[in-house]
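Asker: I would like to see how this sequence folds:
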Amino acid sequence: MFNNNINGNLNKIKIKQSRNNSYSCWWDNIIFNYRGIIMNSLVLEFENKINDSNNSITDLLRHCLIIARKLKQKEFVEWINNELNGYENKKTPSYREIPLSIKFLNPYYGWCPYVVTQKDVCEGLNHMAMRATISEIEETAKKKDNDIVRFSIPAKFKQDLMPTIPFETDFCYEGSRVSMVKIIDAVKNEMLNWILSLEENDIIDDNNSFDNDQIEKANKVTAQIVNNFYGDKNKIDLSQIID
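Answerer: Numbers count the residues shown, from 1 in each chain. Next up, the predicted model:
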């Protein structure tokens with residue numbers, strides 16, 4: 001029965017000694033334990049999903065959320081929820097800091113580069129903290145018809161910049177679509193590193209559940225991943241994409 005189930009795919013099967021000293025093997029996201037019972041694995045299923053370009057970053061995060069909740073990893077759950085819901089009034093990971101330039105609207109030439117004349121006003125404005133939800137970022141990254149992304153500029157900075165232009169105008173931040181793609185790639189890498197670390201430490205669910213020993217080991221794995229998220233300081237808030 002066991003041989004019939006795997007039928008010619010022995011090269012895809014991994015065999016490993018489990019935590020109860022019995023042996024099990026898995027093929028894709030299906031685990032065959034020593035009794036021949038077929039079980040699903042959320043951890044191994046994720047490894048298959050992340051290599052499929054048809055899966056959105058939101059779907060991958062939700063899959064990871066299920067695993068993190070089952071493993072009782074509060075810090076990782078918080079990170080996932082922040083990615084899904086946005087970082088409003090919260091510290092952002094360093095990978096969400098993106099390079100930008102300031103533009104002003106010329107009635108004849110459109111958006112033009114703003115030449116810095118007041119260092120104290122513009123200092124620190126060349127890198128911003130992207131606080132938008134990951135779904136907004138993903139949608140912006142998909143717009144391949146335009147490599148430029150514009151963001152609204154906070155009113156308090158507009159007031160500081162307005163006297164430097166001799167006519168009534170508007171200001172915006174301008175960035176690159178590539179920066180959005182890099183954020184998505186960073187989130188995928190963080191999830192993948194976490195999942196692979198779980199597997200390396202034999203934290204693989206049996207029938208979508210984990211035991212207490214696995215939960216305890218996951219605490220150390222997660223702590224190492226989460227500590228790499230945040231930089232030393234935050235930049236100016238950036239949340240609204242206008243173009």
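Asker: So residue 176 sits against residue 147, correct?
Answerer: Yes: if you go by Cβ atoms under 8 Å, residue 176 and residue 147 touch, sitting 6.1 Å apart. (C-beta placed from N, C-alpha, C; glycine too.)
Asker: So for the two, which residue has more residues nearby?
Answerer: Neighbour comparison, residue 176 and residue 147: the larger count goes to residue 176, with 15 against 10 (by other Cβ atoms under 10 Å).
Asker: and the more buried one, what does it touch?
Answerer: Each residue near residue 176 by Cβ atoms under 8 Å, 6 or more residues apart in numbering is listed here: 99, 147-149.
Asker: Just the buried subset of these, written out for PyMOL, thanks.
Answerer: Only the buried entries of those go into this PyMOL selection, using 16 or more other Cβ atoms under 10 Å:
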select buried, resi 149
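Asker: Residue 110: which of the contacts of residue 176 is nearest?
Answerer: Distance to residue 110, by Cβ to Cβ, is smallest for residue 148 among the contacts of residue 176, at 11.5 Å.
Asker: Quick check: the closest one touching residue 177?
Answerer: Yes: here residue 148 lies in contact with residue 177, judged by Cβ under 8 Å, at a distance of 7.2 Å.
Asker: Touching both of residue 176 and residue 147, which residues are there?
Answerer: Common neighbours of residue 176 and residue 147, counting by Cβ under 8 Å, 6+ apart, are absent.
Asker: what does the helix or strand hosting residue 214 contact?
Answerer: Using DSSP states H and E, residue 214 maps to helix 212-226. Under the criterion Cβ under 8 Å, 6+ apart, residues 19, 68, 71-73, 75-76, 79, 190, 193-194, 197-198, 201-203, 205, 210 lie in contact with helix 212-226.
Asker: Now that helix: buried residues?
Answerer: 214, 217-218, 221-222, 225-226.
Asker: Serialize those residues to TSV and add fields for distance to residue 130 and pLDDT.
Answerer: TSV is the format used below for those (distance: Cβ to Cβ, whole Å; pLDDT from 0 to 100):
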residue	distance to residue 130	pLDDT
214	34	94
217	33	94
218	29	94
221	27	89
222	24	90
225	20	82
226	19	79
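Asker: Which member of the residues you listed is positioned nearest residue 168?
Answerer: Nearest to residue 168, judged by Cβ to Cβ, of these is residue 226 at 46.8 Å.
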